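Trainee: need a 3D model of the sequence below.
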Amino acid sequence: MGTGTTADAFRIVHMTRSAAAVLFDWDGTLFDAIPLCTSATNATLLAHGYAAVSRAQIHEGMQFPTPERLAFHVTGEPVFSQRFSKALALKMADDFYRRSEALGPEHSRLFPGVREMLDDLHRAGIPVGIVSNNQRSVIESLLRTLGIAEFFGAVVGAEDVDDPKPAAE
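Mentor: Residues are numbered from 1 along each chain as shown. Now for the predicted structure:
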């Protein structure tokens, strides 16, 4: 959303007046995901005996699906190996998702202008949805926490596709 202002929201609504629908990515578009992701990731890493990482490392790792992101934080590479197996990554990802849901209310705030933009899109009759590498259950929980669940007709999470982003599916 650019600088995250009400003016940005106004521009988005007016640019989409003829759109059939608007799909948002989740992390970092409607709310600042870094505080939540940092807290949940570091709690998960520490619980499994690994070192915590910085906000900058969290931001860098957000380009990868969660299991690969955890591998990246542990090994420096977003790949599975004998040192960090896919089974361990999936177990830790489940732990991360549980922690994200639990920590969400404390660490989640909408960017300025988001609610107004969603109200405007709703009044214009433009359906909105979310497509994300995050788990659908986590997204839906945070949508409720943030008080904006009613605006979203569709939520597609990583578990809903065979090959999550950055793949084109």
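Trainee: for the rest of this, base every contact and every neighbour count on C-alpha atoms.
Mentor: OK.
Trainee: in space, what's closest to the most centrally placed residue in the chain - neighbours in sequence excluded?
Mentor: Nearest to the mean C-alpha position of the chain, by C-alpha atoms, centre = their mean, lies D27 at 3.0 Å. Once flanking residues are discounted, D27 sits nearest to A33: 5.2 Å by C-alpha to C-alpha, 6 or more residues apart in numbering.
Trainee: now do the contacts for the residue nearest to the centre of the chain.
Mentor: A33, S132, N134 (C-alpha atoms under 8 Å, 6 or more residues apart in numbering).
Trainee: one more pass at 10 Å, please.
Mentor: By C-alpha atoms under 10 Å, 6 or more residues apart in numbering, D27 lies in contact with A33, I34, L36, C37, M62, I130, V131, S132, N133, N134, I139.
Trainee: what is the burial count for the fifth one?
Mentor: Residues contacting M62 under the criterion other C-alpha atoms under 10 Å number 19.
Trainee: the spatially closest residue to it that is not a sequence neighbour and R144, how far apart?
Mentor: Spatial nearest neighbour of M62, chain neighbours left out: R69 (6.7 Å); criterion: C-alpha to C-alpha, 6+ apart. According to C-alpha to C-alpha, to the nearest Å, R69 and R144 sit 26 Å apart.
Trainee: okay, the two: which has more neighbours?
Mentor: Higher neighbour count among R69 and R144: R69, with 24 against 13, using other C-alpha under 10 Å.
Trainee: the more buried one against L45, yeah?
Mentor: No. With contact defined as C-alpha atoms under 10 Å, R69 does not count as touching L45 (11.4 Å).
Trainee: thinking again about what came up before, let me know the secondary structure of the residue nearest to M62.
Mentor: Following DSSP: H, G, I helix; E, B strand; the rest coil, R69 is assigned to helix.
Trainee: same deal with P164?
Mentor: Following three-state DSSP, we place P164 in the coil state.
Trainee: could I get the top helix by length along the chain in PDB with only the CA atoms?
Mentor: Criterion DSSP state H: the longest helix present in the chain is helix 86-107. C-alpha atoms of helix 86-107 as PDB (Å, rounded to 0.1, in the frame of the first residue of the first chain):
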ATOM      1  CA  LYS A  86      11.900 -31.500   6.100                       C
ATOM      2  CA  ALA A  87      10.100 -33.400   8.900                       C
ATOM      3  CA  LEU A  88      11.700 -31.100  11.500                       C
ATOM      4  CA  ALA A  89      10.800 -28.000   9.400                       C
ATOM      5  CA  LEU A  90       7.200 -29.100   9.100                       C
ATOM      6  CA  LYS A  91       7.000 -29.800  12.900                       C
ATOM      7  CA  MET A  92       8.500 -26.400  13.600                       C
ATOM      8  CA  ALA A  93       6.200 -24.700  11.100                       C
ATOM      9  CA  ASP A  94       3.100 -26.200  12.900                       C
ATOM     10  CA  ASP A  95       4.500 -24.800  16.200                       C
ATOM     11  CA  PHE A  96       5.100 -21.400  14.500                       C
ATOM     12  CA  TYR A  97       1.500 -21.300  13.300                       C
ATOM     13  CA  ARG A  98       0.100 -22.100  16.700                       C
ATOM     14  CA  ARG A  99       2.300 -19.400  18.200                       C
ATOM     15  CA  SER A 100       1.200 -16.900  15.600                       C
ATOM     16  CA  GLU A 101      -2.500 -17.500  16.400                       C
ATOM     17  CA  ALA A 102      -1.700 -17.200  20.100                       C
ATOM     18  CA  LEU A 103       0.500 -14.100  19.800                       C
ATOM     19  CA  GLY A 104      -1.600 -12.400  17.100                       C
ATOM     20  CA  PRO A 105      -3.800 -10.200  19.300                       C
ATOM     21  CA  GLU A 106      -0.700  -8.700  21.000                       C
ATOM     22  CA  HIS A 107       1.400  -8.200  17.900                       C
END
